[in-house]
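Colleague: generate coordinates for the sequence data below:
(chains A and B)
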There are 2 protein chains.
Amino acid sequence: MLSLVATDLHAVNAVILDRMQSEVPLIPELAGHLIAGGGKRMRPMLTLACARLLDYPGTRHHKLAAAVEFIHTATLLHDDVVDGSGLRRGRRTANIIWGNPASVLVGDFLFSRSFELMVEDGSLKVLRILSHASAVIAEGEVEQLTAQRRLDTTEETYLHIIGAKTAALFAAACRIAPVVAEAGEEAELALEAYGRNLGVAFQLVDDAIDYASDEATMGKGRGDDFRDGKMTLPVILAYARGSDDDREFWRAAIGGDRTSDADLAHAIQLIRGCNALADTAERARQYARRAIDSLATFPSGKAKAALVEAAEFAVARAY
Amino acid sequence: MLSLVATDLHAVNAVILDRMQSEVPLIPELAGHLIAGGGKRMRPMLTLACARLLDYPGTRHHKLAAAVEFIHTATLLHDDVVDGSGLRRGRRTANIIWGNPASVLVGDFLFSRSFELMVEDGSLKVLRILSHASAVIAEGEVEQLTAQRRLDTTEETYLHIIGAKTAALFAAACRIAPVVAEAGEEAELALEAYGRNLGVAFQLVDDAIDYASDEATMGKGRGDDFRDGKMTLPVILAYARGSDDDREFWRAAIGGDRTSDADLAHAIQLIRGCNALADTAERARQYARRAIDSLATFPSGKAKAALVEAAEFAVARAY
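Modeller: Numbering: from 1, shown residues only, chains lettered A, B, ... in the order given. From the prediction side, this is the model:
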């Protein structure tokens, strides 16, 4: 994927660096910490790879891919405030270094700037797709907050939440490529489906990894979901499949009364014991397959191979 | 002003109530607390009054005025998180009732929703004006954060901050009326100037009121600016005009070491003693006059009279 879009990604990074500037020095300083700090540019790369798949010859998607990354960065800044996180990608979070107020406000700035970039491009269709995705993301985040520490959260609710907070932006990042390439409604729907399913697979794996080995945590504070009482699929399955004693443990843990390292170790043991981790990964694999199947009508080639590989890689992280 | 736009405002309120809905119940609950809770709808009223001034016969401005109010509401929710405020308009703030995380995320939702409303209207020019205003507001808020507890903040810096955090949205709210009315560039610039000067006047008065009598505080926690170490014009003037002892006091107070009621009373005494409050109000009066002068080329009538009255009223609050 990276070799396919390397030149385009260079152009996107130039837009990102240029447009995160401000005469208020704290803005590029704080935004740069997160933007330069090991982000994988997954969402902009999806826009670029989808444009390549459609043989789009222009450069409009560079600005739009930067807009997508700004929306993503804004949500990360706000997420870390909401969760009180201290680590991301193995580094201290912006809210720890500069405080919550600065993170909230710089997030707002990047969000506004992303809309300025879209307005410069001038496509109302792109603006519709990304403003709607942004509203859905915020709704998903609020729904997740509402479900926090609630053991009665169902797998359906969980899928609804990750569909909104994560998959909506993956879907939008993919869909805007056929819009600028004027590839037609069918291509838009196919690539949106690819992005949405990939996003769900990606989040399922992320949520599994929070209960997996140290090596796989990718710099996130391990056990963060556990201590935050987040109702992710591994917990939902382990609670449903658990004995009365197990459920008693989960009530205390998700309620916030058992958050030690020993409690986390016990939680991992319960989750593994009932195959909840393997089954979460298997669910992810199904979504990745659906993502790949969405590409059926597109011609074979380097771009399609890269998109298939991205879906396979998203799941491979869990194994 | 209210009687001039009452029917339009009714339509705007209907849009606001309709579009703050979500299938996630916490969103309308939290947003409704602030939106229904005694807001004066000052910014949407400006859009409506400016449209009336131009004899705009359509209804497009209803949706756009709602978008402006959503941007304003989103910034209020985030401001209260940033300042740790407990009171607004005499009621407990959303962050106190539902917590900071919910306030951050519902603010994000309202912000996204405001862009969805603008996209539905379909004017790229309006989108450009309001996305730029939103970025400027966020920059102003970050600059204010940077200036907090800094006694070396100048009047110029202060004016730059309030021009961004407050006046930019007043200006945009006014400017979008001639855009939808297709009244031409000259009308756009005149009404933008009206809005910007009115916004500066309004914020100057607001900042004066924080050091005025109890009756005038309008439900804000009195002395909030003082305890937050905000470098508003009354403090900037009092520090510049103060004796060595006075400056010593301001250093401790703005640094956060003197925040008792007695300290606030002493601060008010110093500010009044050097005419800083009266001079802040006088500065506001000059901006209000500039706002009124911006209307010179528009024909007399009820709408113009209402806009003139709004500028006069913004300043009258300080006396």
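Colleague: report pLDDT for A:Asp214.
Modeller: A:Asp214 carries a pLDDT value of 56.
Colleague: swap in A:Ser243?
Modeller: pLDDT recorded at A:Ser243 is 98.
Colleague: likewise for A:Glu120?
Modeller: 98.
Colleague: for the closest residue to it other than its chain neighbours, what is the enclosing helix or strand?
Modeller: Using C-beta to C-beta, 6 or more residues apart in numbering or on different chains and skipping the chain neighbours, the partner closest in space to A:Glu120 is A:Lys63 (6.5 Å). Backbone N, C-alpha and C define where each C-beta goes, glycine included. Assessed by DSSP states H and E, A:Lys63 sits inside helix A:60-83.
Colleague: which strands or helices does that helix pack on?
Modeller: With contacts defined as 3 or more C-beta pairs under 8 Å, 6 or more residues apart in numbering or on different chains; DSSP states H and E, helix A:60-83 has these neighbours: helix A:2-19, helix A:26-35, helix A:42-53, helix A:94-98, helix A:100-121, helix A:124-147, helix A:168-180, helix B:100-121.
Colleague: circling back: the residue nearest to A:Glu120 - how many residues pack around it?
Modeller: For A:Lys63, the count of nearby residues is 19 (other C-beta atoms under 10 Å in any protein chain shown).
Colleague: if I pick it, what's in contact with it?
Modeller: Applying C-beta atoms under 8 Å, 6 or more residues apart in numbering or on different chains to A:Lys63 gives the contacts A:15, A:117, A:120-121.
Colleague: buried subset of those as a PyMOL selection?
Modeller: Buried subset of the contacts of A:Lys63, written as a PyMOL selection, criterion 16 or more other C-beta atoms under 10 Å in any protein chain shown:
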select buried, chain A and resi 15+117+121
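Colleague: report the strands that pair with the lowest-mean-pLDDT helix or strand in chain A, each with its relative direction.
Modeller: The helix or strand of chain A with the poorest confidence is strand A:87-88; it has a mean of 87 (mean pLDDT, DSSP states H and E). Partners of strand A:87-88 in the sheet, by DSSP bridges, are strand A:91-92 (antiparallel).
Colleague: how distant is the strand it pairs with from the center of its chain?
Modeller: Relative to the chain's own centre, strand A:91-92 is displaced by 18 Å; criterion: C-alpha atoms, centre = their mean, to the nearest Å.
Colleague: same check, this time on stretch A:90-107
Modeller: Mean C-alpha position of stretch A:90-107 versus that of the full chain (C-alpha atoms, centre = their mean) differs by 19 Å.
Colleague: check stretch A:308-319 too.
Modeller: On C-alpha atoms, centre = their mean, the centre of stretch A:308-319 falls 14 Å from that of its chain.
Colleague: pass me the low-pLDDT residue ranges in chain A, would you?
Modeller: A:213-221 (pLDDT under 70).
Colleague: so which residue is smack in the middle of it?
Modeller: Among the residues of chain A, the one closest to the centroid is A:Thr166, at 4.4 Å (C-alpha atoms, centre = their mean).
Colleague: ok, the closest residue to it other than its chain neighbours - how many residues close by?
Modeller: Distances taken as C-beta to C-beta, 6+ apart place A:Gln203 nearest to A:Thr166, at 4.1 Å, with adjacent residues excluded. By other C-beta under 10 Å, the residues close to A:Gln203 number 24.
Colleague: please apply the same query to A:His266.
Modeller: Applying other C-beta under 10 Å, I find that A:His266 has 15 neighbouring residues.
Colleague: kindly report the same for the one 3 residues further on.
Modeller: A:Gln269 sits with 12 neighbouring residues when counted by other C-beta under 10 Å.
Colleague: same check, this time on A:Ala305
Modeller: With other C-beta under 10 Å as criterion, A:Ala305 counts 15.
Colleague: helix/strand/coil for it?
Modeller: helix (DSSP: H, G, I helix; E, B strand; the rest coil).
Colleague: measure it to A:Val5 for me?
Modeller: Using C-beta to C-beta, to the nearest Å, A:Ala305 is found at 13 Å from A:Val5.
Colleague: next one: A:Phe313
Modeller: The gap separating A:Phe313 from A:Val5 is 15 Å, by C-beta to C-beta.
Colleague: quick one: buried residues of the helix or strand containing A:Tyr158?
Modeller: A:Tyr158 is located in helix A:155-162, with elements delineated by DSSP H and E. By neighbour count on 16+ other C-beta under 10 Å, the buried set for helix A:155-162 is A:157-162.
Colleague: adding distance to B:Arg175, write the residues you listed out as JSON lines.
Modeller: Formatted as JSON lines, the buried residues of helix A:155-162 follow (distance: C-beta to C-beta, whole Å):
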{"residue": "A:Thr157", "distance to B:Arg175": "43"}
{"residue": "A:Tyr158", "distance to B:Arg175": "44"}
{"residue": "A:Leu159", "distance to B:Arg175": "43"}
{"residue": "A:His160", "distance to B:Arg175": "39"}
{"residue": "A:Ile161", "distance to B:Arg175": "39"}
{"residue": "A:Ile162", "distance to B:Arg175": "40"}
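Colleague: near chain B too, which of those residues?
Modeller: The subset of these within reach of chain B, by C-beta under 8 Å from any C-beta of the partner chain, is empty.
Colleague: now the helix holding A:Tyr158, how far from the centre of its chain.
Modeller: Computed by C-alpha atoms, centre = their mean, the chain-centroid distance of helix A:155-162 equals 14 Å.
Colleague: next, the angle from that helix to helix A:124-147.
Modeller: With axes from the mean of the first three to the mean of the last three C-alpha atoms, to 10 degrees applied, the angle from helix A:155-162 to helix A:124-147 works out at 130 degrees.
Colleague: buried residues in stretch A:17-32?
Modeller: In stretch A:17-32, counting by 16+ other C-beta under 10 Å, buried: A:19-20, A:22, A:24, A:26-31.
Colleague: now for these: which two are most distant?
Modeller: A:Arg19 and A:Leu26 (16.3 Å; C-beta to C-beta).
Colleague: interface residues of the stretch 51-200 of chain A facing chain B?
Modeller: A:74-75, A:78, A:81-83, A:100-102, A:104-106, A:108-109, A:111-113, A:115-116, A:118-119, A:122, A:124, A:127-128, A:131-132, A:134-135, A:137-139, A:141-143, A:145-146.
Colleague: generate a PyMOL selection restricted to the buried entries among the residues you listed.
Modeller: The buried residues among those can be selected in PyMOL (16+ other C-beta under 10 Å) with this line:
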select buried, chain A and resi 74+75+78+81+82+83+100+101+102+104+105+106+108+109+111+112+113+115+116+118+119+124+127+128+131+132+134+135+137+138+139+141+142+143+145+146
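Colleague: surely A:Asp224 is in contact with A:Ile209?
Modeller: No: taking contacts as C-beta atoms under 8 Å, A:Asp224 lies outside contact range of A:Ile209: 10.9 Å.
Colleague: looking at these two, which has the bigger crowd around it?
Modeller: Just comparing A:Asp224 and A:Ile209: by other C-beta under 10 Å the higher neighbour count belongs to A:Ile209, 22 against 17.
Colleague: what residues does the stretch 201-319 of chain A put near chain B?
Modeller: Counting by C-beta under 8 Å from any C-beta, no residue of the stretch 201-319 of chain A is near chain B.
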